[in-house]
Structure formats: C-alpha cells, structure tokens
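Undergrad: sequence first, then the predicted structure, then my questions.
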Amino acid sequence: EADGAFNGCPVRRGRGTHLIYRALSAPHYHAATGLQMQVSDIGRAVGSDGVHFRKRERFIVPEEPWEQYGCEDPRVTKLGRTYYIFYTALSPFPFTPGGIRVGVALSRDLERIDEKHLVTPFNAKAMTLFPSRIGGKLCVLLTAHTDAPPAKVAVAWLDRPDQLWSESYWASWHAALDRWVVPLQRRPQDQAEIGAPPIRTRHGWLLVYSYIRDYFTAGRVFGVEAALLDLANPQRVLARTNAPLMTPEESYELRGR
C-alpha cells in the first residue's frame, strides 16, 4: 500500500471489524512484463471501533494467471460459515476489457484464504452476494461490460456456490443478459456500477451504487445514488433516488486520482 489504500469493505466479526481493502503498490519491477508497474493487492486490517485499524497485511495477492496484474475493489458477504470476497481480477497486460473480470476468494475466518476462483469469463466488475438465500437460491448482483459499454447492472440466481465459478453457467447466463438487467440506468449516455453489498431492511434491499452521468464524455460526473429492491425479487426496483446523494464538491474530490 505504498501508493494508496482505498475502496474498503468493512465486515463485522465478533466484537471487531475487519476492513478488506484495495492496496496499491509503488511502481516496481514486474517479472512477467519486465516493466516498472503498480499492482494492487487486497489488504486486511482489524479494528475495534470501525475507525482505527491495526495488523494491516496483504490478504489476497495476484497468484493465478487470471489475476497476475492486480486484485482490486473487494466486496465481502458472509453466507453460512463462509466469507465470499468478490474482487476485480486483472490479466493479461496490456489491459483489455476481456481481461478485466470478477474473481472470488473464500475464507472461513478472514484470517486466511481457503480457495480462489475466476468467476466471470467476460468483462465485469462490482459483483456482490446477497447475505441470505432468496427463495432458496443464492443471488448475486454484478455490473457486466463495465469496460466495454453499454454496462448493465444485472442479477444472477444460483443453486449452489460452485456455480459461481462455472464457465458453462456464466456462458448461458450471459447469452440472456438482457433478461437479468436491473433497471437503474436513466439514460443510455450514463453508466451505473454497484457500490456496497446490499443491506436488508424491512422495506427491501438497500443498494448503494455509483451513477456516472455523461460517462462517454470528458465532463462525466461520478455520483452516489441508492435504490430499494424487492426482498423476494431484487430485480424489481421499488424506489430509487432521483438525483445523486453525493457528487464531487471538495477540492480533494475534484482533483487527484
């Protein structure tokens, strides 16, 4: 994390909070390319109050061919005894949309990774798992085609966890992508990407997401919006904000990276 630590996902465990976050290195020699590169790992830190953290360490590191140029932007859900950590996996280099995909790491205790898998065989980011079965099925949200627009926020239903990394399952799902779209996009020139894992409320699933207005122009504006999804059918939008809850205003939001 020599250059930055950001996009953290907090997870309550016992009396403490684990923060799973993207950690970006300083430029260094990468053996596979022979170039000076910055590479992201996923870090882990532990705290008791949700503000101050200790024991910062590397948690998910690029090891497999499909992630060797970076692991980014984790979203964590506990279901049963297992923590499912979805992240953006980067490979090959130079980067192309088809090499920016979703990976998942499974952990029983948030102390070590038990297994890792490539999830989507197509370009996608921002996958998250609902924290309980819905109608007896596992349910995930993801943003397909983030780097090969038009991007689409969509839902996927699964019977078993191992379908998450089934190439045949995702090939069938992707062939019918329009069937699974969650209608969050207001205009074709905008783009929506899932933010945090959904939170169950008595009124529905609360989903916070990024809404990028005029995505295809130099004047694009990244805002934060929210929607309420039906508890039994998260593809159904019950309510949503009509305008961003937050947009860049401060100097540190308008400049830098």
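TA: Structure received. Since we're looking at a predicted model, the values are computed, not measured. Numbering: from 1, shown residues only.
Undergrad: any idea which helix or strand comes after the longest helix along the chain?
TA: Assignment by DSSP state H gives helix 167-175 as the longest helix of the chain. Using DSSP states H and E, the next helix or strand after helix 167-175 towards the C-terminus is strand 191-194.
Undergrad: how close does the residue in the chain sticking out farthest from the centre sit to F93?
TA: Ranked by distance from the centre of the chain (C-alpha atoms, centre = their mean), the top residue is G34, with 29.2 Å. Going from G34 to F93 by C-beta to C-beta, to the nearest Å gives 11 Å. In short, each C-beta sits where N, CA and C put it, glycine included.
Undergrad: hey, what's S40 bridged with?
TA: Note on S40: beta-bridge partners L24, judged by DSSP bridges.
Undergrad: I meant to write I60 there.
TA: In this entry, I60 is beta-bridged to I42, by DSSP bridges.
Undergrad: quick check: it touching I42?
TA: Yes - taking contacts as C-beta atoms under 8 Å, I60 lies within contact range of I42: 3.8 Å.
Undergrad: neighbour count winner among those two?
TA: I42 (28 against 25; other C-beta atoms under 10 Å).
Undergrad: residue contacts, the residue farthest from the centre of the chain?
TA: Counting by C-beta atoms under 8 Å, 6 or more residues apart in numbering, G34 touches no other residue.
Undergrad: show me the contacts for the nearest residue to Y211 once chain neighbours are set aside.
TA: Nearest residue to Y211, sequence neighbours excluded (C-beta to C-beta, 6 or more residues apart in numbering): E225, at 4.4 Å. Contacts for E225 (C-beta under 8 Å, 6+ apart) come out as L184, A192, V208, Y209, S210, Y211, R240, T241, A243, P244, L245.
Undergrad: low-scoring stretches of the chain, by residue?
TA: Low-confidence segments of the chain (pLDDT under 70): 256-257.
Undergrad: contacts for the helix or strand where L238 lies next, please.
TA: Per DSSP H and E, L238 falls inside strand 237-240. With C-beta under 8 Å, 6+ apart as the test, strand 237-240 has contacts from V182, P183, L184, H203, G204, E225, A226, A227, L228, L229, D230.
Undergrad: which members of the residues you listed are the farthest-apart pair?
TA: Spanning the widest gap among those are P183 and H203, at 18.6 Å by C-beta to C-beta.
Undergrad: show me whatever sits in contact with both of I60 and I42.
TA: Residues touching both I60 and I42 comprise C71, P74, I85, Y87, A105, with contact defined as C-beta under 8 Å, 6+ apart.
Undergrad: how near is the second one to Y87?
TA: Counting by C-beta to C-beta, the gap between P74 and Y87 amounts to 5 Å.
Undergrad: the two - which one has more neighbours?
TA: Neighbours of P74 and Y87, each counted by other C-beta under 10 Å, are more numerous for Y87; the result is 29 against 26.
Undergrad: and that one, backbone torsions?
TA: Per-residue torsions, Y87: phi -150, psi 160 (degrees, to the nearest 10).
Undergrad: pull the contacting residues for it.
TA: Contacts for Y87 (C-beta under 8 Å, 6+ apart) come out as I42, I60, C71, E72, D73, P74, R75, V102, G103, V104, A105.
Undergrad: that one pairs with what?
TA: G103.
Undergrad: that one and K55, how far apart?
TA: 20 Å.
Undergrad: ok, A218 next?
TA: Remark: distance between A218 and K55 (C-beta to C-beta) = 42 Å.
Undergrad: higher neighbour count, the two?
TA: K55 (9 against 5).
Undergrad: what about L254, how many neighbours?
TA: Quick note: L254 (other C-beta under 10 Å) scores 9 neighbours.
Undergrad: and if you look at L228?
TA: Neighbourhood size, L228 [other C-beta under 10 Å]: 18.
Undergrad: what comes up buried for stretch 223-243?
TA: G223, E225, A226, A227, L228, L229, L231, P234, Q235, R240 (16 or more other C-beta atoms under 10 Å).
Undergrad: quick one, phi/psi of W66?
TA: Backbone torsions for W66, taken as degrees, to the nearest 10, come to phi -80, psi 0.
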